[in-house]
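[1] here is a sequence together with a model predicted from it:
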Amino acid sequence: MSKISTITIGRGRRRGRALEMVTSLDPNRQVPRPLAIYVHIPFCIQKCGYCDFNAYLYREAAARAYVSALRQEIVRAAERSWAGYGVPSVYFGGGTPSTLAPADLIGLLQLLRDGFPVQAEAEITVEVDPGTIELAGLEALRAGGVNRLSVGVQAFDDTLLQRLDRRHTAAEARRVLAWARRAGFMDVNLDLMFGLPGQTLAAWDASLSEAIAFAPAHVSVYGLSIEPRTPFYRRQQRGQLIVPDDEVQAAMFERAEQLLTAAGYVHYEISNYALPGWRSRHNQHYWRHGDYLGFGAGAHAYFQGRRWENERLPPRYMRAIAERGEAVGSLEAIDPVRRVHEGLMLGLRLREGIDLATFAATYGVALETAYAKPIAELAQGGYVQLMGGRLCLSARGRLVADAVLGQLVAAEDV
Ligand code: SF4
C-alpha cells in the first residue's frame, strides 16, 4: 500500500539460507544493535489500477493458509539467537493488512515478541484501508499492542478515489480516522496522493486541508507514478489516462509543503511530514541503512551486508515454507561500492541529509572528495547543498530527487 514499507534497491541474484549465514552478536553488548521487522500481508479487497505492489485479491482460505505459513516462517527464524539485538519497530504492510482479522495480526505480533527482542517501547505499525476495519477491530489492535496506524486515505474526494479504483469512499476515510482516535491511537499516519487523473490544484488543496483538520501525527504525500504492467500504464499508452503535467505536479508537491509546514508539520523526508516528535521510527531506520528482517511473500531483508527477497508469489512462498521452513527467493551480498551508493541515496532522502563525518566513519568514504565533481555540478544547479559538514538536497533537488540521486551514484569518477 505504501511506497515506504520496504526499500528495494537492485535485483537479487541467488537463493540461499540467508539466516544460516549470519554471525551472532556478543549477547552482553551494552547497546543492542537495532533490527527492524517488516511483515507483508499481500491481500486487498480490490486491485487498484495503478498498483504494482505485491498484492492480490483477498480470499479467506488463501489468507488463512498464508497466516499459517507466516507463523511458521517467524518461528523458524526465531530459532537462532537474537541476543545483542533490539527490535525498535515492527511494520505490518501490504497489500492491506487490515483485510486480516485483528486477532491474526495480534497473534503474529505475539510470535514476534516471543521470538525476537522486541523493545517495550517499540513502534508497532499496521497499515489499514478505510472500509476494511471497524471501531472494534481498531480497539482490538490497540489493546493487542499496536501503537501506530497508517491509513490509506489517498484523497478526500469520491470521484478521484473511483478513478484510482479504490473501493473506499471519503466518508469511510473520515470515519476510520475518527475511530482511530476513539480507539486510542495517538500516532496515526495519513497517506495522500497527488498527480491523479483529473485532479486540480484546488482539489489537492481541499484534500490537504481536510487532512490537516484531522491533525494526524504524520502525513505521507506521494505522487502517482504510472508503472509498466499496470492497467493505468496500458490506459495511458492508449491515450485514455491523462494526469496533470509536470508543472502542475511540481506545484502540488510545493503546495503540500506550504500547507503542511504552515500547520506545524516538519518535512523530514521527501514524501513524509510529521508533527514534532512523531517521525516514523521504522522508516527512518530504513533511510539510515539499518538492518531489517522481512517476513511474508516478496518481503525484503537487509542484514549484515546481505540483501534478500522472499518468493514473491504467495503460493510459491507458502510452498517454500512448507518444504524448507524459509522462502528466500534471491540473495546477494552488497559490495562496498554498492553499500556506499545505498547509504548515499537513502541518507539524502532525509531533510537533514548526510553528516559527512558520520558517513566517512560508517562507510570509509569522504563524500566531499570522492564525489567532488557531481556534488559541485549539482550544487551549481541548485539541487544539493554542502554546508556545515552536511550534504542535503535543496528544495529544488527534492522536486527531482530520483534524478539527482541517480546522477550522483552514476558519476564516473567515484
Ligand atoms: S490498496 Fe490498492 S494500491 Fe494499495 S496495495 Fe492494495 S491494490 Fe495496491
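    Cool, the structure landed.

[2] alpha carbons only for contacts and neighbour counts from here, please
    Fine.

[3] quick one: residue 331 and residue 305 touch, right?
    No: contact criterion CA atoms under 8 Å: residue 331 and residue 305 do not qualify, at 10.8 Å.

[4] who's more crowded, those two?
    The neighbour comparison of residue 331 against residue 305 (other CA atoms under 10 Å) goes to residue 331, with 22 against 13.

[5] could I get the full set of strands for the stretch 201-350 of the chain?
    Taking DSSP state E, counting those that start in this stretch as the criterion, the stretch 201-350 of the chain contains strands spanning 218-223, 266-269, 272-274, 291-295, 300-303, 306-310, 328-333.

[6] tell me which parts of the protein are close to the ligand?
    1, 44, 46-48, 51, 53, 55, 94-96 (CA under 6 Å from any ligand atom).

[7] if we go to 5 Å?
    1, 44, 47-48, 51, 95 (CA under 5 Å from any ligand atom).

[8] tell me which of those fall in strands.
    Judged by DSSP state E, the subset of the residues of the chain next to the ligand located in strands is residue 44.

[9] nearest to residue 360 among the residues of the chain next to the ligand?
    residue 1 (34.7 Å; CA to CA).

[10] and the residue of the stretch 151-300 of the chain nearest the ligand?
    residue 166 (6.5 Å; CA to the nearest ligand atom).

[11] phi and psi next, for the residue nearest to that residue when sequence neighbours are not counted.
    Setting aside the residues directly before and after it, residue 166 is nearest to residue 48 in space (CA to CA, 6 or more residues apart in numbering), at 5.9 Å. Dihedral pair for residue 48: phi -70, psi 150, per degrees, to the nearest 10.

[12] could you list every residue that touches residue 48?
    164-166 (CA atoms under 8 Å, 6 or more residues apart in numbering).

[13] before we move on, what about residue 222?
    191-194, 271.

[14] what pLDDT is listed against it?
    Residue 222 is assigned 96 on the pLDDT scale.

[15] quick one: the strands in the stretch 1-150 of the chain?
    Under DSSP E, counting those that start in this stretch, the stretch 1-150 of the chain gives strands at 33-41, 43-44, 56-57, 85-94, 118-128, 148-154.

[16] reformat the ones you listed as CSV; add mean neighbour count.
    Shown next, in CSV, are the strands of the stretch 1-150 of the chain (neighbours: other CA atoms under 10 Å):
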stretch, mean neighbour count
strand 33-41, 24
strand 43-44, 24
strand 56-57, 16
strand 85-94, 24
strand 118-128, 20
strand 148-154, 24
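
[17] and those strands: which comes nearest residue 397?
    strand 148-154 (24.5 Å).

[18] got the CA coordinates for the closest one in CSV?
    Taking C-alpha atoms only, strand 148-154 is exported to CSV below (Å, rounded to 0.1, in the frame of the first residue of the first chain):
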residue,chain,number,x,y,z
ARG,A,148,0.6,3.3,15.2
LEU,A,149,-1.8,3.2,12.2
SER,A,150,-1.1,4.1,8.7
VAL,A,151,-4.3,4.9,6.9
GLY,A,152,-4.5,4.8,3.1
VAL,A,153,-6.8,7.8,2.6
GLN,A,154,-5.3,8.9,-0.8
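
[19] circling back to that earlier point, top of the contacts of residue 222 by neighbour count?
    residue 194 (27 neighbours).

[20] now do the contacts for that one.
    Applying CA under 8 Å, 6+ apart, the residues near residue 194 are 204, 221-224, 249, 252-253.

[21] recalculate using a threshold of 10 Å.
    Contacts for residue 194 (CA atoms under 10 Å, 6 or more residues apart in numbering) come out as 154-155, 200-201, 203-204, 207-208, 221-225, 243-244, 248-250, 252-253, 256.

[22] narrow the residues you listed to those that are buried.
    154-155, 200-201, 203-204, 207-208, 221-222, 224-225, 243-244, 248-250, 252-253, 256 (16 or more other CA atoms under 10 Å).

[23] quick one, phi psi at residue 240?
    phi -100, psi 0.

[24] and it, how far is that from residue 231?
    11 Å (CA to CA, to the nearest Å).

[25] of those two, who's got more company?
    residue 231 (17 against 10).

[26] right, and the more buried one touches residue 50 too?
    Yes: between residue 231 and residue 50 there is a contact at 6.5 Å, judged by CA atoms under 10 Å.

[27] ok, residue 122 to residue 276 distance?
    For residue 122, the distance to residue 276 - CA to CA - is 18 Å.

[28] quick one, domains of the chain?
    18-287, 347-409 (automatic domain parsing).

[29] mind putting those domains into a markdown table with distance to residue 295?
    Formatted as a markdown table, the domains of the chain follow (distance: least, CA to CA, whole Å):
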| stretch | distance to residue 295 |
| --- | --- |
| domain 18-287 | 5 |
| domain 347-409 | 25 |
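
[30] what bits of this structure have low per-residue confidence?
    Across the chain, the ranges flagged by pLDDT under 70 are 1-23, 27, 411-414.

[31] ok, and the closest non-adjacent residue to the closest residue to the ligand within the stretch 51-200 of the chain?
    Nearest residue of the stretch 51-200 of the chain to the ligand: residue 95, at 3.7 Å (CA to the nearest ligand atom). Spatial nearest neighbour of residue 95, chain neighbours left out: residue 42 (4.4 Å); criterion: CA to CA, 6+ apart.

[32] got the contact list for the one you found?
    1, 53-58, 63, 66, 93-97, 99, 296-299, 312-314.

[33] filter these to the buried ones?
    Using 16+ other CA under 10 Å, the buried ones in those are 1, 54-56, 58, 63, 66, 93-97, 99, 296-299, 312, 314.
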